[in-house]
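Visitor: Mind looking at a prediction? Sequence and model below.
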Amino acid sequence: MREIFLPLAFLLVFTLLLQTADINVAASEDAETKAYIVYMGERKNNDVEQIKKSHHEMLSSVLGSSEAALDSMIYTYKYGFSAFAAKMTESQAKYFEGLPGVVKVFQNRFYELHTTRSNNFLDDTSSTSQMPPSMPDDISDVKLTDDGVIIGVLDSGIWPESESFNDGGLGPIPARWKGFCQAGQAFNPARHCNRKLIGARYFIRGFLAAYGRPFNATANKEYLSPRDGIGHGTHVTSTAGGTQVNNVSLSGLAFGTARGSSPRARLAMYKVAWMGQISSVDVLKAFDEAINDGVDILSLSLGFGLPLYPETDKRDIIYYGSFHAVRHGITVVCSAGNKGSLSETVSNVAPWVITVGASTLDRLFPSPIILGNNQILTGQSMYVGRDTGVVNLAFFRDSADAEGPRYCEDITARDTWVSGRVVLCFTLAVEDDVIIKASTIVRTAGGLGLIATKKTVKSLFLYYNRNFPVVLVTFDVGTTILNYIRFSTNPKVRLRPARTYIGNEASTYVASFSSRGPNSLSPAILKPDVAAPGVDIIAAVPPNTKSPRGYLFKSGTSMACPHVSGLAARLKALYPNWSPAAIKSAITTSAWSSDPYSGEPLYAQGQITKTADPFDYGGGLANPSGAKIPGLVYDMGTQDYVNYLCAMGYPQKSINQLTGKPCLKSANSILDFNLPSITIPTLRDSVTVTRTVTNVGNPNSKYKAFIIPPPGTAVEVNPKTLVFNPNVKKMRFKVTVTTFHNITTEYYFGWLTWADGTHIVKIPISVRTVSHTSLW
């Protein structure tokens, strides 16, 4: 990048301004200090030491001394952009905002991990110290090609001794790698890093600045090092790029081979999560270092809650870090969040990142329920203990109670009648806490097991146990059991341990917790982009009492995200010159919108299960085999993202602060943003949008358009045929959507597919008609 130096006159004025700062912004002794990021945008030169020095000089001048600056400074950001983080008062932060060269000042804020809430069910999981049967695919293309690709993960750390991080069969570390492993508590780089785990660092200063008191890592089950104290980071990292490990299971459940989505990729951990808390100051530092280190993919299973902030807003630093990463050619993959099944809850919606929702797998854990009349019913559980044998079954103590509306939440410690019985209970509660609490009470009182109704199951692992069965059933099965109790003088039941079923009879669902579209920030940008397995994924964790070998189940879009991160790494290995947008396009346009085994529609779990649509899964369920041969891609670059921000109507100053680029007068409508999707949130009569595709397949190819219009609309494509040759690699086409609805509707969905006989390139069309009638 060409060096740009500030004019001498500007520097003299800037210096004079700073010389007065110690008078203007001296902090009172009792003023509260917090962590702030002083962001200056793109680097003005390539001398990182000079950039660092200028940061210290600026801070020293404002705080009054070099000593005060050294005590205040948290980080300098000098690789992907220019900024620094420091502890200061609110008045000092406001003063910085008015200084020349300062773009924005951000206050430290906190993110959350996108894993479902996990209670230690009945057993304590104390640290002592499989990969999923993942997306169906052909792995022949990754055995030799992906070992030069580097996946960076921003998370809670890593357990380096895990078998999933064995470096057997890998060659030398890529010469371009600039990163390193950082020594710390229980982490020795010489022993714990290898040709697989080539980078491991930790960033805690932002967290400590907000924590505000001495941090006892041991008391908080943490490590002041890259080592993982909670297991989340180890789990997602091994899901993205873990080495193949045979004979993995949890007490026999999900037995099989564990491997990451890109099993030969190199891995780098950037630990930013502490006690589940993630400081934006630390996240931005991890982005900056990862850009300089040379990662190809960044995986973030974390995010903010709702409501969403604009991409140019200083409160969500992931927008800033990811923009600079993508600008440097790094594909950034983020989790969609766990606020489903409510609509408009998807997060991490910047169009330059890949946003991933969660689906189930082709796997069930059925548990037989044998009633005293020999009727066999099926529930779901992760009970791995002994067969209960034939035991007493009860709903409530007195038969009269069976006629009333009694629920799981009504069971209390006073219900000693549960002793020696398997108890049936019903609940309408969405959260799992009600059943977990009831099971604890029943077990403590001497009960033998619990059968509970549950419409949607977020994670069976919440109920995993070796000694006390908790079996979940649907309401109809629960009612069948209740009627047996009502008409039996001595009801009995036998519960057998769960087993693992894998096959095409296990329908694929979008998980109930997976956050949904439409995008509440920019409805014309479809989010999530794609879905991947995220329910009861078995992967590496620190060894513990439940799994001495160190493989446990976790659920959340946190678990879905690294599946796609690994897939992106494989595409980067196959096509090293592809842009992040091209990789995103290949993944979304090849995704399955129907069950990959049965061909039946995908479903979306919720209080009411429904056929899934693009607001549930984006382009569909990630399809690794299809993604590696996409045929056509919808490509974009930095200027396209600038055009998007301009089309959103954000202030030019804010856009320039983030991107360093101005809006072009010829910037297109947001509907013309070259996404692999078409979303029209306010259609009146008719609208025409444009897209451009790039041929990445056979140079001589001919694609025809096939359309499934959203109900109540007509869709026309012009031209209907795209003909490519060695001299014509890109083609532009127009899509005209016309509505026949006369009232304001909800969204309807359709598809536009380009096919050449070998490739199927499919994008969703989402349309909402808005009436001409004004309410005001």
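Guide: Okay, I see it.

Visitor: Give me the distance between stretch 96-108 and the centre of its chain.
Guide: Centre-to-centre, stretch 96-108 and its host chain are 30 Å apart (CA atoms, centre = their mean, to the nearest Å).

Visitor: could you dump it to CSV, C-alpha only?
Guide: C-alpha atoms of stretch 96-108 as CSV (Å, rounded to 0.1, in the frame of the first residue of the first chain):
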residue,chain,number,x,y,z
PHE,A,96,-10.4,12.9,21.8
GLU,A,97,-13.4,13.0,19.5
GLY,A,98,-12.6,16.6,18.6
LEU,A,99,-8.9,16.0,17.7
PRO,A,100,-7.7,16.1,14.1
GLY,A,101,-7.1,12.6,12.8
VAL,A,102,-9.6,10.9,15.2
VAL,A,103,-12.5,9.3,13.4
LYS,A,104,-14.5,8.0,16.3
VAL,A,105,-14.2,7.1,20.0
PHE,A,106,-15.9,3.9,21.1
GLN,A,107,-16.7,2.9,24.6
ASN,A,108,-15.9,-0.7,25.6
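
Visitor: distance of residue 484 from residue 375?
Guide: To residue 375, residue 484 is 7 Å away according to CB to CB, to the nearest Å. For every residue, glycine as well, the C-beta is placed using N, CA and C.

Visitor: Please apply the same query to residue 614.
Guide: Residue 614 sits 42 Å away from residue 375, going by CB to CB.

Visitor: ditto for residue 149
Guide: From residue 149 across to residue 375, the span is 54 Å (CB to CB).

Visitor: who's more crowded, these two?
Guide: Per other CB atoms under 10 Å, whichever of residue 149 and residue 375 has more neighbours is residue 149, with 25 against 11.

Visitor: Let me know the pLDDT of the more buried one.
Guide: With respect to pLDDT, residue 149 scores 97.

Visitor: where does the protein dip in pLDDT?
Guide: Scanning the chain for pLDDT under 70 picks out 1-30, 116-146, 397-405, 666-667, 773-776.

Visitor: List the contacts of the residue nearest to the spatial centre of the chain.
Guide: The residue lying closest to the centre of the chain (CA atoms, centre = their mean) is residue 335, at 1.4 Å. Shown in contact with residue 335 (CB atoms under 8 Å, 6 or more residues apart in numbering): 114, 300-303, 348, 355-356, 556-558, 560-561.

Visitor: Quick check: bridge partners of it?
Guide: With DSSP bridges applied, residue 335 shows beta-bridge pairing to residue 356.

Visitor: After the helix or strand where residue 754 lies, which helix or strand is next?
Guide: Assigned by DSSP states H and E, residue 754 belongs to strand 747-755. Downstream of strand 747-755, the next assigned helix or strand under DSSP H and E is strand 760-769.

Visitor: Check which helices and strands that following strand sits against.
Guide: Applying 3 or more CB pairs under 8 Å, 6 or more residues apart in numbering; DSSP states H and E, one finds that strand 760-769 contacts helix 580-589, helix 614-617, strand 678-683, strand 713-718, strand 730-739, strand 747-755.

Visitor: give me the number of residues near the closest residue to residue 81 other than its chain neighbours?
Guide: In space, and not counting its chain neighbours, residue 81 is closest to residue 324: 5.1 Å by CB to CB, 6 or more residues apart in numbering. Residues lying near residue 324 (other CB under 10 Å) number 24.

Visitor: what about the helix or strand residue 324 falls within, distance to the chain center?
Guide: Residue 324 is part of helix 317-327, with elements assigned from DSSP H and E. Helix 317-327 sits 16 Å away from the centroid of its parent chain (CA atoms, centre = their mean).

Visitor: same check, this time on stretch 316-332
Guide: In terms of CA atoms, centre = their mean, the centre of stretch 316-332 is found 15 Å from the chain centre.

Visitor: cool, stretch 370-380 as well?
Guide: Centre-to-centre, stretch 370-380 and its host chain are 39 Å apart (CA atoms, centre = their mean).

Visitor: Could you do stretch 531-548 as well?
Guide: Distance of stretch 531-548 from the chain centroid (CA atoms, centre = their mean) equals 16 Å.

Visitor: Next one: residue 77 from residue 295, what distance?
Guide: From residue 77 to residue 295 the distance is 16 Å (CB to CB).

Visitor: ditto for residue 262
Guide: Between residue 262 and residue 295 the distance, using CB to CB, works out to 13 Å.

Visitor: now do residue 252
Guide: Separation of residue 252 from residue 295 (CB to CB) stands at 37 Å.

Visitor: Equivalent analysis for residue 604, please.
Guide: Between residue 604 and residue 295 the computed distance is 33 Å (CB to CB).

Visitor: between those two, who's got more neighbours?
Guide: Higher neighbour count among residue 604 and residue 295: residue 295, with 28 against 25, using other CB under 10 Å.

Visitor: before we move on, the earlier item: what touches both of residue 262 and residue 295?
Guide: Residues touching both residue 262 and residue 295 (CB under 8 Å, 6+ apart): residue 151.

Visitor: show me where the stretch 551-700 of the chain has strands.
Guide: Assigned strands in the stretch 551-700 of the chain, in chain order: 551-554, 603-604, 610-611, 632-633, 678-683, 686-695 (criterion: DSSP state E, counting those that start in this stretch).

Visitor: on contacts alone, who are the packing partners of the first one?
Guide: Packed against strand 551-554, as judged by 3+ CB pairs under 8 Å, 6+ apart, are the following elements: helix 232-241, strand 245-250, strand 537-540.

Visitor: and the residue nearest to residue 445 when sequence neighbours are not counted, how many neighbours does it have?
Guide: Excluding the flanking residues, the one nearest residue 445 by CB to CB, 6+ apart is residue 418, at 5.0 Å. Using other CB under 10 Å, residue 418 is surrounded by 25 other residues.

Visitor: now residue 374
Guide: When neighbours are counted by other CB under 10 Å, residue 374 registers 7.

Visitor: wait, doesn't residue 276 sit right on residue 113?
Guide: Yes - between residue 276 and residue 113 there is a contact under CB atoms under 8 Å: 6.0 Å.

Visitor: out of those two, which sits in the busier spot?
Guide: Shown here are residue 276 and residue 113; by other CB under 10 Å, residue 113 has more neighbours (23 against 15).

Visitor: Now do the contacts for residue 733.
Guide: Shown in contact with residue 733 (CB under 8 Å, 6+ apart): 690, 691, 692, 693, 705, 717, 718, 719, 722.

Visitor: My guess is the fifth one contacts residue 721. True?
Guide: Yes - look at residue 705 against residue 721 with CB under 8 Å: they come within range, at 7.3 Å.

Visitor: more crowded one of the two?
Guide: Higher neighbour count among residue 705 and residue 721: residue 705, with 18 against 12, using other CB under 10 Å.

Visitor: State the distance from the more buried one to residue 586.
Guide: Residue 705 sits 19 Å away from residue 586, going by CB to CB.

Visitor: for residue 111, same thing?
Guide: 28 Å.

Visitor: Looking at the two, which is more packed in?
Guide: Applying other CB under 10 Å to residue 111 and residue 586 shows that residue 586 carries more neighbours, namely 29 against 24.

Visitor: What is the neighbour count of the closest residue in space to that one that isn't next to it in sequence?
Guide: Leaving out its chain neighbours, the residue that sits closest to residue 586 by CB to CB, 6+ apart is residue 630, at 3.9 Å. A count of neighbours around residue 630, defined by other CB under 10 Å, yields 25.

Visitor: do residue 101 as well
Guide: Quick note: residue 101 (other CB under 10 Å) scores 15 neighbours.

Visitor: shift numbering so it begins at 37
Guide: Noted, 37 is the first residue going forward, which turns the last one into residue 137.

Visitor: quick one, what contacts the nearest residue to it once chain neighbours are set aside?
Guide: Distances taken as CB to CB, 6+ apart place residue 76 nearest to residue 137, at 5.6 Å, with adjacent residues excluded. Contact analysis of residue 76 by CB under 8 Å, 6+ apart lists 117, 118, 119, 137, 138, 139.
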